[in-house]
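*Asks:* Could you look at this predicted model? Sequence included:
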Amino acid sequence: MSSLGLADIYAARQRLAGLVRRPPLQPSPMLSALAGGEVRLKLECLQETGSFKLRGATSKLASLDAEARARGVIAVSTGNHGRAVAFAASRLGVRAVICLSELVPANKVEAIRALGAEVVITGKSQDEAERHAERLIETEGLVYVHPFDDPAVLTGQGTIGLELIEDWPEVDTCLVPLSGGGLIAGIALALKTVRPGVRMIGISMVEGAAMHESLEAGRPIEVEERPSLADSLGGGIGLHNRLTFALCRELVDETLLLSEAEIAAGMRHLFMAERLVAEGGAAVGVAALLAGKVDLGGRRTAILVSGQNVDMTRFLDVVGKGGDG
């Protein structure tokens, strides 16, 4: 079991002071009526890079000593993590290298490059980009910034839990997107230390939910990654996962999966009823409620809306035409 605790999350908050936003916990009258109890939305989609990932990346970079900062950092990511590392590095004056495969669309490459990072495009897959990153770590001494399985990253995400308990001490249920587990594990560590009875529900998609399948199997396993509206929830948890699998097994009360049509309905609701742009992976909490997958029984429920970095052409197709991607 991890030795991480609430003190580590408070330390992460100190590192993040003045570097990340504290997004609102916004009441949703429509979802509250549907749930039969108060529902509030934690709008991490309003972070400067458009997702919660900025907390973990900033926490990791701010935790580095002067020697490590001088060496620079490296990450492998096509999306929110890469953006967050590039932004945090620019803010803190640290060299950042982001490794991407040749398959990454040009607009994503340019978005990361525009934040000041060095972009290295190599290989036909993310696995090949990862191997190139490992070589750069060996040859250039760069510090690897893992997207979730790292204490500083996990506790950075856990600062959301501190804000939830401060802004709404009565919260007793939390719906959180589930991918590698860093987000829900960090939040659960904060919430359950203060309120052990808080119910933590992790939500993912039917198409390749690595943490859900690993928890079902009782050990980290590989899953086939398939296209999904919730693409930001894809990817493995690592067969040698150090932190998040054990924390999720201990602290997450329930995990559930959604179809593509259900995820699309969540995106449409957030846009039409809440006036929020949300990527598919960020809409799964709302989608689970709309689909009747969770019985909230009048409980006071916080739902994480984790990011807004969605391809807008596809987004408009989903919300405008009622398609499921």
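*Replies:* Cool, got the structure. As the structure is a prediction and not an experimental result, all values here were calculated from the model.
*Asks:* from here on, contacts and neighbour counts on C-alpha atoms
*Replies:* Fine.
*Asks:* where does the chain have low pLDDT?
*Replies:* The model of the chain has pLDDT under 70 over residues 1-2, 78, 322-325.
*Asks:* can you pull out the helices in it?
*Replies:* Along the chain, the stretches classed as helices by DSSP state H are 6-16, 29-35, 53-63, 66-71, 80-92, 106-113, 126-140, 151-167, 182-194, 210-217, 244-251, 260-272, 284-290, 312-321.
*Asks:* Please tabulate those in CSV, including the columns distance to residue 305 and mean neighbour count.
*Replies:* CSV is the format used below for the helices of the chain (distance: least, C-alpha to C-alpha, whole Å; neighbours: other C-alpha atoms under 10 Å):
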stretch, distance to residue 305, mean neighbour count
helix 6-16, 20, 20
helix 29-35, 14, 16
helix 53-63, 12, 27
helix 66-71, 31, 14
helix 80-92, 14, 25
helix 106-113, 21, 16
helix 126-140, 26, 16
helix 151-167, 12, 25
helix 182-194, 12, 26
helix 210-217, 19, 20
helix 244-251, 19, 21
helix 260-272, 9, 22
helix 284-290, 7, 25
helix 312-321, 16, 15
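*Asks:* dump the residue contacts of the residue nearest to residue 145 when sequence neighbours are not counted.
*Replies:* Counting by C-alpha to C-alpha, 6 or more residues apart in numbering, residue 75 is the residue found nearest to residue 145 once chain neighbours are left out, at 5.4 Å. Residues near residue 75 by C-alpha atoms under 8 Å, 6 or more residues apart in numbering: 81, 82, 85, 96, 97, 98, 99, 133, 144, 145, 146, 147.
*Asks:* Dump the helices of the chain to JSON lines, plus distance to residue 119.
*Replies:* JSON lines is the format used below for these (distance: least, C-alpha to C-alpha, whole Å):
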{"stretch": "helix 6-16", "distance to residue 119": "25"}
{"stretch": "helix 29-35", "distance to residue 119": "41"}
{"stretch": "helix 53-63", "distance to residue 119": "17"}
{"stretch": "helix 66-71", "distance to residue 119": "16"}
{"stretch": "helix 80-92", "distance to residue 119": "10"}
{"stretch": "helix 106-113", "distance to residue 119": "6"}
{"stretch": "helix 126-140", "distance to residue 119": "11"}
{"stretch": "helix 151-167", "distance to residue 119": "22"}
{"stretch": "helix 182-194", "distance to residue 119": "25"}
{"stretch": "helix 210-217", "distance to residue 119": "27"}
{"stretch": "helix 244-251", "distance to residue 119": "28"}
{"stretch": "helix 260-272", "distance to residue 119": "31"}
{"stretch": "helix 284-290", "distance to residue 119": "31"}
{"stretch": "helix 312-321", "distance to residue 119": "23"}
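*Asks:* For residue 228, find the nearest of these.
*Replies:* helix 260-272 (6.8 Å; C-alpha to C-alpha).
*Asks:* From the chain's centroid, how far away is the closest one?
*Replies:* 18 Å (C-alpha atoms, centre = their mean, to the nearest Å).
*Asks:* Tell me which residue of the chain is furthest from the middle?
*Replies:* Distance to the chain centre peaks in the chain at residue 139, reaching 30.0 Å (criterion: C-alpha atoms, centre = their mean).
*Asks:* right, and out of the contacts of residue 75, which lies closest to residue 287?
*Replies:* Checking the contacts of residue 75 one by one against residue 287 (C-alpha to C-alpha), the nearest turns out to be residue 81, at 23.2 Å.
*Asks:* Spell out which residues make up each domain of this protein.
*Replies:* Per automatic domain parsing, the structural domains of the chain span 6-51+150-321, 54-144.
*Asks:* Quick one: end-to-end distance for the last one.
*Replies:* So that's domain 54-144. Taking C-alpha to C-alpha, to the nearest Å as the measure, domain 54-144 stretches 16 Å from start to finish.
*Asks:* returning to what we had before: okay if I get the contacts of residue 75 as TSV plus distance to residue 56?
*Replies:* Compiled in TSV, these are given as follows (distance: C-alpha to C-alpha, whole Å):
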residue	distance to residue 56
81	9
82	12
85	9
96	15
97	17
98	16
99	18
133	20
144	13
145	9
146	9
147	8
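*Asks:* ok now do the nearest residue to residue 236 once chain neighbours are set aside, which residues does it touch?
*Replies:* Excluding the flanking residues, the one nearest residue 236 by C-alpha to C-alpha, 6+ apart is residue 210, at 5.4 Å. Neighbour list for residue 210: 179, 180, 221, 222, 223, 234, 235, 236, 237 [criterion: C-alpha under 8 Å, 6+ apart].
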